[in-house]
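structure of the sequence below:
(one chain, ligands or ions: 1)
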Amino acid sequence: MKLLMHVCCAPCFCAPLEQLRGEGVGVTGYFYNPNIHPLLEFRKRLKAVKTLHGAVKVDMIYSEDYGLTEFLRMAFDKPQPRCELCWGMRLNKTARVAKERGFDAFSTTLLISRRQDHDAIGRIGQEAAERHGVEFFYRDFRPLDDRSRAMAKERSLYRQQYCGCMFSEYDRYKDTTRELYRGEGE
Ligand code: SF4
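Numbering: from 1, shown residues only. This is a model prediction of the structure:
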């Protein structure tokens, strides 16, 4: 099977790639993540994927358009929950590219996350498959999460501290009783 795998970040790609390759699946990674803020964070995650790419010799396609304005407009304008829009944006683009380039199916490393709504990601992937006429390869990769993070650590790949958008960065650090930064000069 020729599979186009949406890659949200390097740490989430390590173990699924290893498992799928072990099964004889022909994996091509696809980086498309306009949800990562700010720009320097986006570049850190992109660089980590490129480092992994070079190390494990996987085929990759990169969509490096940052798309900040498009993402924010979508997040502010639409009544749908923000994360569902975010997953839909990335999975629909992946499905379209998979169809255009003749892949048998597409999938996503988002399916490894224990912190995101797994069932919603699966549903949105299936909807994208029907819209674009290409199969969605569903698998529950969550049991691989610890291994994938350990593999990333062994390779010294950048491991992010928050999901991606500025809203998630705020949620991660807003509790100032847990974070040491108290402001300049204090
Ligand atoms: S929290 Fe994560 S999944 Fe939700 S909108 Fe932000 S980047 Fe996307």
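
after the helix or strand harbouring Gly54 comes which helix or strand?
Here Gly54, judged by DSSP states H and E, is contained in helix 39-56. Following helix 39-56 in sequence order, the next helix or strand is strand 59-62 (DSSP H and E).

just checking: what are the partner strands of that following strand?
strand 26-31 (parallel) (DSSP bridges).

give me the contact list for the partner strand.
Strand 26-31 is contacted from outside by 1-7, 13, 17, 20-21, 46, 49, 53, 58-64, 94, 97-98, 103, 106, using CB atoms under 8 Å, 6 or more residues apart in numbering. Bear in mind the C-beta positions are built from the backbone N, C-alpha and C, glycine included.

list the buried residues in that strand.
27-31 (16 or more other CB atoms under 10 Å).

gap between the helix or strand bottoming out on mean pLDDT in the chain and the chain center?
Within the chain, no helix or strand scores below helix 68-77, which has a mean of 89 by mean pLDDT, DSSP states H and E. Centroid separation for helix 68-77 versus its chain: 18 Å, with CA atoms, centre = their mean, to the nearest Å.

is the helix or strand following that helix up against the ligand anywhere?
Per DSSP H and E, the first helix or strand lying C-terminal to helix 68-77 is helix 82-100. Yes - contact between helix 82-100 and the ligand, assessed by CB under 6 Å from any ligand atom, occurs at 82-83, 86.

residues contacting the residue nearest the centre of the chain?
Among the residues of the chain, the one closest to the centroid is Cys8, at 1.7 Å (CA atoms, centre = their mean). Going by CB under 8 Å, 6+ apart, Cys8 touches 33, 90, 108-110, 164.

count of neighbours near Gly164?
Using other CB atoms under 10 Å, Gly164 is surrounded by 21 other residues.

pretty sure it sits against Lys44.
No - between Gly164 and Lys44 there is no contact under CB atoms under 8 Å: 11.6 Å.

low-confidence regions, this structure specifically.
Where the chain drops to pLDDT under 70, the residues are 178-186.

make it 50
Residue ranges of the chain with pLDDT under 50: 185-186.

and it, which residues reach the ligand?
Residues of the chain lying near the ligand (CB under 6 Å from any ligand atom): 35, 82-83, 86, 163-165, 167-168.
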